[in-house]
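>>> sequence unknown, structure follows:
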């Protein structure tokens with residue numbers, strides 16, 4: 001299927017000819033949009049900013065864009081390998097130390113360093129050409145895992161390499177999300193593309209843990225880690241040869257940390273963007289409670305390891321189902337209208353835990369809560385349009401860092417609360433408090449629509465400071 005054209009932009013043949021001409025060295029730092037760098041809302045660049053009257057919903061249009069297919073495949077490879085590495089490294093650390101605490105710390109280190117990479121190093125995502133950043137991040141990750149594979153590697157080195165992976169991750173994800181807007185524009189194609197990457201993320205959790213378990217049944221943890229090295233290298237190759245060279249979005253010449261922190265301040269200075277970031281961060285912080293407490297709750301139910309596995313899978317399965325339905329069956333305008341209502345109700349099913357439900361009812365509650373996560377499609381649209389292009393990479397990196405950090409905080413708080421109130425009451429409490437926070441944020445989001453907190457005023461301010 002050919003790429004979708006938009007009114008007032010170049011035709012498909014013209015874009016192909018332009019792509020051939022742009023096969024030279026990396027372009028200089030981007031300033032104002034040029035003919036080779038169309039303005040906002042021009043995907044791949046042929047997608048209209050607004051929904052056409054006869055435009056159909058669905059993911060097929062996204063896969064028609066060649067560059068997105070490369071980004072999608074690279075994401076699937078790297079994420080699957082990362083999940084396998086988390087399982088393998090956790091088992092390896094436990095084999096070396098015999099300590100459950102050290103094994104759990106290996107997982108925790110996957111959350112905490114996100115804050116460092118997403119704040120102090122976020123400037124990398126905008127400072128250098130995106131393709132170069134993406135490929136180098138994949139190569140760095142492959143190198144870190146390769147060090148883990150070496151026999152005799154000390155436990156401290158293993159944990160340091162795990163931290164390095166987590167530090168690099170928000171920079172990579174920020175650059176990739178900003179590149180996605182370059183490839184698909186900031187219209188509906190971007191929303192659907194972002195949704196597909198989230199679906200892959202949830203699916204990788206289900207497939208990756210299973211694949212990791214099978215691998216560890218036949219090979220040693222170090223040999224299983226080789227799979228991750230291969231997947232990172234495959235991702236780097238796909239991004240290098242499957243995407244175009246594009247200019248850096250912004251390079252002020254300032255020190256990297258200073259530029260990263262200034263970008264974070266600019267992002268957080270805008271009232272509209274602050275509330276959108278909180279809408280990305282706060283619901284997942286409460287949503288992780290059932291997963292964090294799945295083991296003790298399954299034990300109280302007497303559900304065994306099978307029940308534990310089902311409880312861990314229910315929320316991701318619901319999320320995948322909700323996103324697929326919203327992306328495939330709902331038009332952009334309908335998804336936008338449902339965004340804030342879904343935010344307000346997505347955690348309500350957790351209140352059912354007050355009744356101490358059995359396994360089947362618990363699974364149904366989790367599936368329903370996961371399906372409510374479809375609100376993120378509307379948030380993606382608002383966020384990418386609210387952030388100036390020259391700050392996109394840093395804004396996306398900050399979003400990723402905040403999301404992962406607060407999920408880690410949410411898991412820790414759920415564990416502490418469950419020590420006193422028990423798993424069921426803790427999950428119900430997370431649903432009640434989380435719903436209250438979501439309602440307050442939804443009200444604030446409604447207040448900031450189209451006002452001074454909007455993107456036009458802020459974009460002028462951001463450009464004047466760079």
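That came through, no problem. If you're wondering where the values come from, they're calculated on a predicted model, not measured in any experiment.
>>> what residue ranges in this protein are flagged as low confidence?
1-57, 100-101, 103-105, 107-110, 208-210, 212-213, 251-253, 451-466 (pLDDT under 70).
>>> Flag every buried residue along stretch 58-68.
Neighbour counts over stretch 58-68 (16 or more other Cβ atoms under 10 Å) mark 59, 61, 62, 64, 65, 67, 68 as buried. Every C-beta, even on glycine, is put in place using the N, C-alpha and C of the backbone.
>>> can you list these in CSV and add distance to residue 119 and secondary structure?
Below are the buried residues of stretch 58-68 laid out as CSV (distance: Cβ to Cβ, whole Å; DSSP: H, G, I helix; E, B strand; the rest coil):
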residue, distance to residue 119, secondary structure
59, 33, coil
61, 35, helix
62, 31, helix
64, 36, coil
65, 32, coil
67, 29, helix
68, 29, helix
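>>> what two of the residues you listed are the furthest from one another?
Greatest spacing in the buried residues of stretch 58-68, by Cβ to Cβ: 59 and 67 (15.6 Å).
>>> Just the closest of the buried residues of stretch 58-68 to residue 344, please.
Nearest to residue 344, judged by Cβ to Cβ, of the buried residues of stretch 58-68 is residue 59 at 26.5 Å.
>>> distance of the closest one from residue 234?
Relative to residue 234, residue 59 is positioned 23 Å away (Cβ to Cβ, to the nearest Å).
>>> same deal with residue 397?
As for residue 397, its distance to residue 234 is 23 Å (criterion: Cβ to Cβ).
>>> Reformat the buried residues of stretch 58-68 as JSON lines; add distance to residue 218.
JSON lines is the format used below for the buried residues of stretch 58-68 (distance: Cβ to Cβ, whole Å):
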{"residue": "59", "distance to residue 218": "35"}
{"residue": "61", "distance to residue 218": "41"}
{"residue": "62", "distance to residue 218": "37"}
{"residue": "64", "distance to residue 218": "39"}
{"residue": "65", "distance to residue 218": "39"}
{"residue": "67", "distance to residue 218": "37"}
{"residue": "68", "distance to residue 218": "35"}
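>>> Going by distance to residue 427, which of these wins?
Closest approach to residue 427 among the buried residues of stretch 58-68 (Cβ to Cβ): residue 59, at 32.4 Å.
>>> Isn't that closest one up against residue 197?
No: in this structure, residue 59 is not within contact of residue 197 by Cβ atoms under 8 Å, at 11.4 Å.
>>> Just say helix, strand or coil for residue 449.
coil (DSSP: H, G, I helix; E, B strand; the rest coil).
>>> count of neighbours near the closest residue to it other than its chain neighbours?
Setting aside the residues directly before and after it, residue 449 is nearest to residue 272 in space (Cβ to Cβ, 6 or more residues apart in numbering), at 7.9 Å. Counted with other Cβ atoms under 10 Å, the neighbours of residue 272 add up to 24.
>>> does residue 272 sit in a helix, a strand or a coil?
What three-state DSSP gives for residue 272 is helix.
>>> And for residue 58?
Following three-state DSSP, we place residue 58 in the coil state.
>>> Now do it against residue 80, distance only.
According to Cβ to Cβ, residue 58 and residue 80 sit 25 Å apart.
>>> can you check residue 88 too?
According to Cβ to Cβ, residue 88 and residue 80 sit 13 Å apart.
>>> Compare these two (neighbour count), which wins?
More neighbours surround residue 88 than the other of residue 88 and residue 80, with 26 against 22 (other Cβ under 10 Å).
>>> Name the helix or strand for that one, please.
Residue 88 is part of helix 66-97, with elements assigned from DSSP states H and E.
>>> distance between that helix and the chain's centre?
The chain centre lies 14 Å from the centre of helix 66-97; the measure is Cα atoms, centre = their mean, to the nearest Å.
>>> That one - contacts with which helices or strands?
Contacts defined by 3 or more Cβ pairs under 8 Å, 6 or more residues apart in numbering; DSSP states H and E place helix 66-97 against helix 60-63, helix 100-108, helix 130-149, helix 155-184, helix 188-218, helix 221-242.
>>> Give me the residues contacting stretch 354-372.
Contacts to stretch 354-372, defined as Cβ atoms under 8 Å, 6 or more residues apart in numbering, come from residues 287, 290, 297-298, 301, 303, 307, 310-311, 314-322, 325, 342, 345-350, 352-353, 424-425, 428.
>>> make it 7 Å
Stretch 354-372 has contacts (Cβ atoms under 7 Å, 6 or more residues apart in numbering) with 287, 290, 301, 303, 307, 310-311, 314-319, 321-322, 342, 345-347, 349-350, 352, 424, 428.
>>> What subset of those residues is buried?
287, 290, 301, 303, 307, 310-311, 314-319, 321-322, 342, 346-347, 349-350, 352, 424, 428.
>>> related to what we said a few turns ago, what angle do the helix holding residue 88 and helix 221-242 make?
Taking axes from the mean of the first three to the mean of the last three Cα atoms, to 10 degrees, helix 66-97 and helix 221-242 form an angle of 160 degrees between their directions.
>>> For helix 66-97, buried residues please.
Residues of helix 66-97 classed as buried by neighbour count (16+ other Cβ under 10 Å): 67-68, 70-94.
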